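Undergrad: sequence first, then the predicted structure, then my questions.
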Amino acid sequence: MSHRALPLNTHFTDIGPLVYGCMALGGDWGGGPLTEADIAQAHAAVEAALDIGVKLFDHADIYRRGKAEAVFGELLKRNPGLRARVRLQSKCGIRFADDVNVGRFDLSAAYIEDSVNGILQRLGVEQIDILLLHRPDALMEPAEVAHAFTRLKAAGKVAHLGVSNMHAGQMGWLQTALSEPLVVNQLELSLAKLDAIDAGTAFNDPQAATRPGAIGWAGTLEYAQRHGVQLQAWGSLAQGRFNDPASSAAAQVVHETAEAHRTTPNAVLLAWLLRHPAGIQPVIGSGNAERIRACADATRIQLSREEWYRLYVTARGERLP
């Protein structure tokens, strides 16, 4: 089986199977200015990602409270040739709590458009390739979102629209108002976060009651495959949960599989996602250049069905129904 890039109907056939998530760039989450150390760390991480073939760089306006985008913008300014080598994706829709308001989600047209203007300013570019709606807004009106996207695309600020953390029903509801297809859905998925896959394998079985997190994702992977929506997996390295082979039975299997393929545990974690027929793109979120490079073999190794299921069943901690 070959590793698929973005579906053909999105016009992103040259991106490749891996994404770099920039949340770890830009220093701390405070409001202070960027430092040279922040810029050096970002440079090392981006170069490591480029070295392993990454072309799509994923941002969000909230990452480091804007500093992740700002530090990437500084890299683009210092290296004018970098923009031609990368595709840029960013997200909006999460608003932090302040002295007056609680933390909330906001997919109103005005907020989407204001957010994109801020994203472009911090990155120092005229257009981003993909805008993702970061979280489902309970007050979302699809026609309002469509209006904002139409205005942004007409102005040359955004090329394509996608979502993040939305299930099949939410994608379908939003799509009814859009004249163009959603191109991406980014959700948490890894050997440590199996809800989207369990939604299918534990369906119509008593296990469904013991895995309540899976219920809401029913049909999401199938919807994406049917409609050509590229699935991206954030948290794909499971926050280091499988680094120590002695920490769990699943971690032991990850390391045994890595040894069998003469590769790293990180590469196995990503290869497990890549093996799925939905063509999932793992998002590498580490800010450590060495750890990023440890993912390089993910696209080289091909897990067998038996290896894939051994990893899955061991990680879920319960036999399949």
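TA: Ah, there it is. Numbers count the residues shown, from 1 in each chain.
Undergrad: list the contacts for Phe149?
TA: For Phe149, the contact set (CB atoms under 8 Å, 6 or more residues apart in numbering) comprises 112, 131, 158, 161, 178, 180. Any C-beta I mention is one placed from the backbone N, CA and C, and that applies to glycine too.
Undergrad: spatially nearest residue to the fourth one (excluding sequence neighbours)?
TA: Taking CB to CB, 6 or more residues apart in numbering, and ignoring the residues beside it in sequence, Leu161 has Phe149 as its nearest neighbour in space, at 4.9 Å.
Undergrad: quick check: next helix or strand after the helix or strand harbouring that neighbour?
TA: Using DSSP states H and E, Phe149 sits in helix 142-154. Per DSSP H and E, the first helix or strand lying C-terminal to helix 142-154 is strand 158-164.
Undergrad: so in that sheet, which strands flank that next one, and in what orientation?
TA: Strand 158-164 has its sheet partners listed here by DSSP bridges as strand 128-133 (parallel), strand 184-188 (parallel).
Undergrad: can you pull the buried residues of the helix holding Phe149?
TA: Buried residues in helix 142-154, counted by 16 or more other CB atoms under 10 Å: 142, 144-146, 148-149, 152-153.
Undergrad: mind listing the helices for the stretch 201-321 of the chain?
TA: Taking DSSP state H, counting those that start in this stretch to define them, one finds helices in the stretch 201-321 of the chain at 207-210, 212-215, 220-227, 249-260, 265-274, 289-293, 305-316.
Undergrad: quick one: mean pLDDT for the second one?
TA: If I follow you right, that is helix 212-215. For helix 212-215, mean pLDDT is 82.
Undergrad: buried residues in it, which are they?
TA: Buried positions in helix 212-215, judged by neighbour count with 16+ other CB under 10 Å: Ala214.
Undergrad: now swap in the third one and tell me
TA: Residues of helix 220-227 classed as buried by neighbour count (16+ other CB under 10 Å): 220-221, 223-224, 227.
Undergrad: ok, now which ones touch Glu222?
TA: 168, 200.
Undergrad: switch to 10 Å and redo it
TA: Glu222 makes contact with 168, 199-200, 278, according to CB atoms under 10 Å, 6 or more residues apart in numbering.
Undergrad: among those, which are in strands?
TA: Using DSSP state E, no member of the contacts of Glu222 sits in strands.
Undergrad: of the residues you listed, buried ones?
TA: Buried, going by 16+ other CB under 10 Å: 168, 199, 278, out of the contacts of Glu222.
Undergrad: circling back to that earlier point, for the buried residues of helix 220-227, give me CSV that also has pLDDT and distance to Gly27.
TA: Listed next are the buried residues of helix 220-227 as CSV, based on pLDDT from 0 to 100; distance: CB to CB, whole Å:
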residue, pLDDT, distance to Gly27
Thr220, 96, 34
Leu221, 97, 36
Tyr223, 97, 38
Ala224, 97, 34
His227, 96, 39
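Undergrad: closest one to Pro80 out of the residues you listed, please.
TA: The shortest approach to Pro80 among the buried residues of helix 220-227 belongs to Ala224, at 35.8 Å (CB to CB).
Undergrad: helix, strand or coil for the closest residue to Ala60 other than its chain neighbours?
TA: In space, and not counting its chain neighbours, Ala60 is closest to Lys91: 3.9 Å by CB to CB, 6+ apart. Put simply, Lys91 is strand when judged by DSSP: H, G, I helix; E, B strand; the rest coil.
Undergrad: repeat that for Tyr20.
TA: When classified by three-state DSSP, Tyr20 comes out as strand.
Undergrad: distance of it from Ala296?
TA: Look at Tyr20 and Ala296: by CB to CB, to the nearest Å, they are 13 Å apart.
Undergrad: overlap of the contact sets of the two?
TA: Shared contacts of Tyr20 and Ala296, defined by CB under 10 Å, 6+ apart, comprise 48, 52.
Undergrad: settle it for me: which of the two has more neighbours?
TA: Tyr20 (25 against 18; other CB atoms under 10 Å).
Undergrad: contacts only, for the residue lying closest to the more buried one once chain neighbours are set aside.
TA: Counting by CB to CB, 6+ apart, Ala49 is the residue found nearest to Tyr20 once chain neighbours are left out, at 3.9 Å. For Ala49, the contact set (CB under 10 Å, 6+ apart) comprises 18-22, 55-57, 86, 284, 286, 289, 292-293, 295.
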